[in-house]
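Chemist: quick check, what structure comes out for this input:
(one chain, ligands or ions: 1)
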Amino acid sequence: MRSSWADAVENSAGESLDNAGTSGGNERPSAAARSAYVPPHLRNRPPVSEPPAPSVGGPHSFNDRPGSGGPTSGSRWGGGRTEYGRQGYGGGGGGGRGSGGWRGRGGWGGKDREVNPFGNDDVDADAEPAFNEQENSGINFDAYEDIPVETSGGNVPPPVNTFAEIDLGDALNLNIRRCKYVKPTPVQRHAIPISLAGRDLMACAQTGSGKTAAFCFPIISGIMKGNFPQRPRGVRTVFPLALILSPTRELSVQIHEEARKFSYQTGVRVVVAYGGAPINQQLRELERGVDILVATPGRLVDLLERAKVSLQMIRYLALDEADRMLDMGFEPQIRKIVEQMDMPPPGERQTMLFSATFPKEIQVKVRMASDFLSNYIFLAVGRVGSSTDLIVQRVEYVHENDKRSYLMDLIHAQRANGVQGKHALTLVFVETKKGADSLEHWLCMNGFPATTIHGDRTQQERETALRSFKSGNTPILVATDVAARGLDIPHVAHVINFDLPNDIDDYVHRIGRTGRAGKSGLATAFFNENNMSLAKSLAELMKEANQEVPDWLTRFAGRASFGNKGRRGGGRFGGRDFRRDSSYNRGNNSGDYHGGGGGYGGSGGSYGGGYPSAWD
Ligand SMILES: Nc1ncnc2c1ncn2[C@@H]1O[C@H](COP(=O)(O)OP(=O)(O)OP(=O)(O)O)[C@@H](O)[C@H]1O
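Modeler: Numbering: from 1, shown residues only. Coordinates of the predicted model:
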């Protein structure tokens, strides 16, 4: 049985930032003990010496809008809060204490000093706990144990049960312990041995289940141990060995932060490049050496065209949120990067595609897009595209004009349930940038501390907003889909789909901002006639996740199945590895797969929908 959301959040609300290192909060009662797990964003708090950025919203603003006002009487959630920001973008550059040194591959240079990303200069390797299943990582692994796992492809390496079984290298193992990861999550148990064996991989696992580490560990370990040809020196072009692409700037920043922790003192240097931030600073970071480049596609194309980066030496290519990266919005840029520059072809590089959703249309596209992958293994942890049942999903019928008052009710209810604590965060998704601004303004005018993140805000505003939300200073974030994927924000207790998306996979990613790493969460959606195209897939998804489906939604779903306008409609729940479908195997030489009937076809609608590549 699940704990009540309010109870769970109340627990987490009672925690302070300072003791968060010993308490996970927001867990299901079945978790045996309280947590020793520290969420990454708390582990990696900036050193106190870090200079505060210039105040954007003025010292007493409780959101990050200059002069956005808010009630003169102040916030309903108590006193004015001050946002702070950090100046500067990008890389894991200088300062801090010395690193293990670089062994001539172009990473940490002699004069560079590696910042301790754990924010604790006294990390004592010997004092770190050994891998030990008795340790409580704070992640409720029981929540994942009964998830079915499917692998397909030839000679699939067997999964492991512990990190100790895998030879990742001492320095990386130490960082895994510093992260308090006691044992691998299911996707890590399966994906890491596959990647370490050098195989290409298409991996699908539910939101919040640890996919970032699943692709980072093998890359870092491979670079630590690999013998790579000497990279050219003295030229202004850099030659990374690994490329990790992600669809949004904020996600690239997050992956970079994670990868820096995992690679601390391994000699492997990670740099991030993303749009909206000054390119010169990113260039300086690159020139100091780069082994793993984390990037958004647009900025990377820019760097490639300026010949600042060459992909000639790439040995590892990871696409996070791979279905998004391969959909219409990003396809031209991804094709350019992967197929039209100097990147080695499949087989000479190792390619990993990860996401929580993999519509068959995208799987097919990978094949048609001239072999991104070579002899790959398909791994599905849980049903492809399913949501985790750690999230309690509710759907309310709400007319367009009533949405604001319903939202107000929900937020009031959170207060009444004692969920107004600093760390109980609410993420509200809306469809448009204008809608986001207007709702944020309205919330602020009504005394609720809100901020917003969307594509019309400057990058600095976006980062400030996100930081303010994460810290709990502004506990309501109104967002467009730019915040839907990948972001790992501790203490998001409630995701509200004020406007539902048109695509069920977008819904899965949005609600996946809560209920992460074994913790429970709540997601509420406002549904009305405008969302008819989603009725069927939403009802199916909720049913599959053992959620209560309201009768009215079932009725809508029944009606919607005649003439469903959904993008993938009924095809979605049929597919796993598309190579099993007969339509692929007809006229195809894949010896490993034998069509099981059914065939590919499903909804017939094309996937895509013009996601703005301006995201990056
Ligand atoms: N082995 C582990 N033990 C404990 N915590 C872990 C482990 N692996 C990952 N985590 C934590 O789980 C959380 C979710 O991980 P991550 O962000 O990689 O999820 P994800 O699967 O990529 O989610 P999404 O689909 O939303 O991108 C992070 O806070 C991460 O630090």
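
Chemist: the closest residue to Phe358 other than its chain neighbours sits in which helix or strand?
Modeler: Distances taken as CB to CB, 6 or more residues apart in numbering place Cys204 nearest to Phe358, at 4.7 Å, with adjacent residues excluded. Using the backbone N, CA and C atoms, a C-beta is placed for each residue, glycine as well. Here Cys204 sits within strand 201-205, counting by DSSP states H and E.

Chemist: with His509 instead?
Modeler: Per DSSP H and E: helix 504-511 holds His509.

Chemist: over that helix, what's the mean pLDDT, rounded is fine.
Modeler: Averaging pLDDT along helix 504-511 yields 96.

Chemist: run the angle between whatever helix or strand comes next after it and helix 504-511 for me.
Modeler: For helix 504-511, the succeeding helix or strand toward the C-terminus, using DSSP H and E, is strand 521-527. Going by axes from the mean of the first three to the mean of the last three CA atoms, to 10 degrees, strand 521-527 is angled at 130 degrees with respect to helix 504-511.

Chemist: flag the shaky bits of the stretch 101-250 of the chain, pLDDT-wise.
Modeler: Along the stretch 101-250 of the chain, the model assigns pLDDT under 70 to residues 101-112, 120-145.

Chemist: tell me the confidence at the residue of the stretch 251-400 of the chain found nearest the ligand?
Modeler: At 4.1 Å from the ligand, Ala356 is the closest residue in the stretch 251-400 of the chain, using CB to the nearest ligand atom. Reading off the confidence values, Ala356 has pLDDT 94.

Chemist: on that earlier part again, ok, the strand holding Cys204: who's next to it in the sheet?
Modeler: Strand 201-205 has its sheet partners listed here by DSSP bridges as strand 350-355 (parallel), strand 377-381 (parallel).

Chemist: which strand or helix spans Glu463?
Modeler: Using DSSP H and E, Glu463 falls in helix 459-471.

Chemist: who's in contact with the helix or strand following that helix?
Modeler: Once the chain leaves helix 459-471, the next helix or strand it forms, by DSSP H and E, is strand 476-479. For strand 476-479, the surrounding residues in contact (CB atoms under 8 Å, 6 or more residues apart in numbering) are 411, 425-430, 436, 439-440, 443, 448-454, 465-466, 469, 483, 498.

Chemist: inside strands: which ones of those?
Modeler: 425-429, 450-453 (DSSP state E).

Chemist: got the residues you listed as a markdown table, with pLDDT, distance to the ligand and neighbour count columns?
Modeler: Shown next, in a markdown table, are those (pLDDT from 0 to 100; distance: CB to the nearest ligand atom, whole Å; neighbours: other CB atoms under 10 Å):
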| residue | pLDDT | distance to the ligand | neighbour count |
| --- | --- | --- | --- |
| Leu425 | 93 | 14 | 26 |
| Thr426 | 95 | 18 | 25 |
| Leu427 | 97 | 12 | 26 |
| Val428 | 98 | 18 | 24 |
| Phe429 | 98 | 14 | 27 |
| Ala450 | 97 | 23 | 30 |
| Thr451 | 98 | 21 | 32 |
| Thr452 | 98 | 20 | 33 |
| Ile453 | 97 | 16 | 26 |
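
Chemist: and the helix holding His509, what does it pack against?
Modeler: The helices and strands touching helix 504-511, judged by 3 or more CB pairs under 8 Å, 6 or more residues apart in numbering; DSSP states H and E, are strand 492-497, strand 521-527, helix 532-544.

Chemist: hang on, the earlier thing: with only the CA atoms kept, save the strand holding Cys204 in PDB.
Modeler: Output of strand 201-205 as PDB, limited to C-alpha atoms (Å, rounded to 0.1, in the frame of the first residue of the first chain):
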ATOM      1  CA  LEU A 201      22.200  -0.400 -26.700                       C
ATOM      2  CA  MET A 202      18.700   1.000 -26.900                       C
ATOM      3  CA  ALA A 203      17.400   1.100 -23.300                       C
ATOM      4  CA  CYS A 204      14.000   2.000 -22.000                       C
ATOM      5  CA  ALA A 205      13.400   2.400 -18.300                       C
END
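
Chemist: got the contact list for it?
Modeler: 186-187, 190-191, 194-195, 211, 214-215, 322, 351-358, 363, 366, 373, 376-382, 384-385, 577.

Chemist: switch the cut-off to 6 Å
Modeler: 187, 191, 194-195, 211, 352-354, 358, 376-381, 384 (CB atoms under 6 Å, 6 or more residues apart in numbering).

Chemist: separation between Asn173 and the ligand?
Modeler: 13 Å (CB to the nearest ligand atom, to the nearest Å).

Chemist: what about that residue, how many residues close to it?
Modeler: 19 (other CB atoms under 10 Å).
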